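Colleague: Generate a structure from the sequence data that follows.
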Amino acid sequence: MTRLAALITAGAWFLLAAGAVFAQEPDEDELLDEFALLDLQAEVSSAARYAQPLARSPSAISVLTHQDIEASGARRLPEVLRLVPGMAVYMLTPIWYGVGIRGNTTSASDSLLLLVDGRDATHEFLGAPLFGVHHFSMDEVERIEVIRGPGSSLYGANAYSGVINVITREPGQGPTAAASVRGGEHGAYEVSCSANAKIGDLSLGAGVGVVREDLWTGRDTLGVEILRGRLMGKIQLAPDSHLLLEAGALRTAGPFHSDMGTIDARAIYDLYSRVRLTHEDILVQAVYNRSSTESDLDANLYYNDFVLAEIPPLEASVDKVGVLAQHSLDFFHNLLIYGAEYVFNGYHSDVFLEPDQNEHRVGVFLQDELHVSGLLEELAGAEMPDLYLTAGLRFDYNSVTDWELSPRAAVVLTPDANNSFRFGYAHAFLKPTFLESSLDIRLLDVSNLGFDHLNISNPDLDNQTIDSLELGYAGSFLDGQLQVRLDLAYNWYLKLIRFHFNPDEMGHKEIGGSLIPDLDNLGMKFKNQSKGEEGHNIELLVAVKPTDRSRVFVTAGYRQVFDTGGTHLSSAEPSIRVGTGADIQTASGWFAAVQFFYTSQSEHGIDDPDSLLEPSTDVLISDSFLLNARVARELDAGSLKLTVGLEGFNLLGKRYREYSGIPRPNGPDYGHERLNRRVILFLRSEI
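Modeller: Below is the predicted model of the structure:
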């Protein structure tokens, strides 16, 4: 790895030198104040699948700019998402994060849809994205748009509690060439480089990188390792028409979490290619993705401290093909968005599922945004504040779980340029994963009792659903120096998918005069929960910009959930989360930022020593603190811009457990890995 890092570092400086040939003056858009996205008139594209002012968004939406990412010092996506109100982020293993919005956070991290430039980044075998691993460097991210609430009416399955759309710089955007080197405590280092060139109507972009981190409690013990690269090309066919071609690959290794326990990934490979054609109001996109893994599952089957069987090493792959066609039509105060999407998933393995499991998904969506006040003014001459009505519906068919309808409606009132009020309803769903619907594990019979497989799947699972009523306000005061966002939501959760184990339902068979559990009838199944849950969320963001070069922000979130009978669920509720921070940049090139996060929730633990899986304890920590800081200096050397700095993680210097995970006696407790502090030095150069 050291030799590879050296080669990539050398390549970075080569790209910088070569980039000087294509050096050009920055576009005017690149000179805009990064704080512009706090403006209510700034455009967002995720909430309605087209660019619209933030004030008109039918969904609660947060935007993280490139400057937000820089100020956070985050090198992975989950770490910067802590800045979003109501967002919960827990590190379960060095490459696996629990990420959720409005408390819908599970160890499976499957309640959110992650898009990268509109490409679904879900790892289909697990039914969730690998949030801690991505094909891009955070330096290449232009902005991140987060829909805080159900989004299935436009995006279909898994847009359950929200949608995260990471928008990277397209070829030809950003610096002509850039390289960054980071390294510090706990064996952490990262080397990234990128280059952009524009030749007539052709724009090209490339990026490569390597990341390595040791475990926090054990130097020279691999925690995460990532090799990544991607190539992009964009051809301008006409003023309103272009073709984008993109391909990327990554390799990673390390432990990550699943509902079956900790999986030690010896290697995970992920390759994708994408073609997108945009012609005026038409968008057509085709994506191919192949994910494969070589892993060991750290879980044995026990009975009275006796190992019945082991799960053999896993070698599996998932092929995904997705096609999307979308068109927008603007007529008589209406903006109509409609389209269709097809996704095929093919899973290949002889360990976890029956060989060649396939899934076909078809989605058709339609959404209309009506400018009500404009219509009334034209028909009746009545003048009134801007009022927009958005209504949408999506039909999804899934070959595994049949079909689902996802409606959405919202009313947005903008009495002036500085205030926006929103009221809406949305329905969304979470489809079962391959693991939940068709898990059939081949076993190593270490006990020689004739065991050959373990089936705890449920092919008859329904989609998990959520219905949400939302009320929101966004305001801008003091000429934009004070920004306020307040969102309230009440949610109903139905048909929740849960792992079910009832010892009374376990079958037995007699071998040698002893009763041994029957692996064909263990009383273990993934089931839809018969009782529903409901609860409310309150989210607040206040951002103050005292000067053009400084900002202070505060985010707060509160959540409480009840079952359908009205009894308070005390397992992890209520939960309160507060984040605050400040950043400032001086005219002389100095930049400083500090961020503090506090989370409080009820402490709860469940012990199950008689489980067939290894004895486990699931514990949520009642209170946690996190303090990050960053100091940097920009050095201008003609066409070459250098940034050097120091950043620290968890400067409180005390044990910080983001999430305890599921400790197992035969494996490391990764939830305790983030101890004390981490200090990183970095150098970044751009042309």
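Colleague: bridging residues for the residue most central in space within the chain?
Modeller: Closest residue to the average C-alpha location of the chain: Leu114 at 4.6 Å, with C-alpha atoms, centre = their mean. Here Leu114 sits in beta bridges with Ile164, as judged by DSSP bridges.
Colleague: pLDDT score for it?
Modeller: The model reports Leu114 with a pLDDT of 93.
Colleague: list the contacts for it?
Modeller: By C-beta atoms under 8 Å, 6 or more residues apart in numbering, Leu114 lies in contact with Asp120, Ala121, Thr122, Pro129, Phe131, Ile164, Val166. In this view, the C-beta of every residue, glycine as well, is placed from N, C-alpha and C.
Colleague: do the same with Leu243
Modeller: Leu243 makes contact with Lys234, Ile235, Leu237, Val275, Arg276, Leu277, Thr278, according to C-beta under 8 Å, 6+ apart.
Colleague: ok so, going back, out of the contacts of Leu114, the closest to Gly209 would be?
Modeller: Lowest distance from Gly209 to the contacts of Leu114 (C-beta to C-beta) belongs to Val166, with 15.4 Å.
Colleague: The closest one: how many residues sit nearby?
Modeller: By other C-beta atoms under 10 Å, the residues close to Val166 number 24.
Colleague: The protein: helices as residue ranges?
Modeller: Using DSSP state H, the helices found in the chain span residues 2-19, 66-72, 77-81, 152-155, 372-380, 434-438.
Colleague: and the fifth one, how far from the chain's centre?
Modeller: Spelled out, that is helix 372-380. Distance of helix 372-380 from its chain centroid, counting by C-alpha atoms, centre = their mean, to the nearest Å, is 40 Å.
Colleague: If you count contacts, what does it end up packed against?
Modeller: The elements that helix 372-380 packs onto, with contact taken as 3 or more C-beta pairs under 8 Å, 6 or more residues apart in numbering; DSSP states H and E, are strand 386-398.
Colleague: ok, Gln428 touching Ile147?
Modeller: Actually, residue 428 is Ala rather than Gln. No. Ala428 is beyond contact range of Ile147, at 10.3 Å (criterion: C-beta atoms under 8 Å).
Colleague: Who has more neighbours out of the two?
Modeller: Higher neighbour count among Ala428 and Ile147: Ala428, with 32 against 27, using other C-beta under 10 Å.
Colleague: And that one, how far from Ser600?
Modeller: Ala428 sits 28 Å away from Ser600, going by C-beta to C-beta, to the nearest Å.
Colleague: Ok, Gly424 next?
Modeller: Applying C-beta to C-beta to Gly424 and Ser600 gives a distance of 29 Å.
Colleague: Among those two, which residue is more densely surrounded?
Modeller: Gly424 (23 against 15).
Colleague: Name the nearest residue to that one, ignoring sequence neighbours.
Modeller: Spatially, and ignoring its direct neighbours in sequence, Gly424 is nearest to Ala410 (3.2 Å; C-beta to C-beta, 6 or more residues apart in numbering).
Colleague: right, and that neighbour touches Phe421 too?
Modeller: No. The pair Ala410 / Phe421 is not scored as a contact, 10.9 Å apart, by C-beta under 8 Å.
Colleague: the more surrounded of those two?
Modeller: Ala410 (23 against 17).
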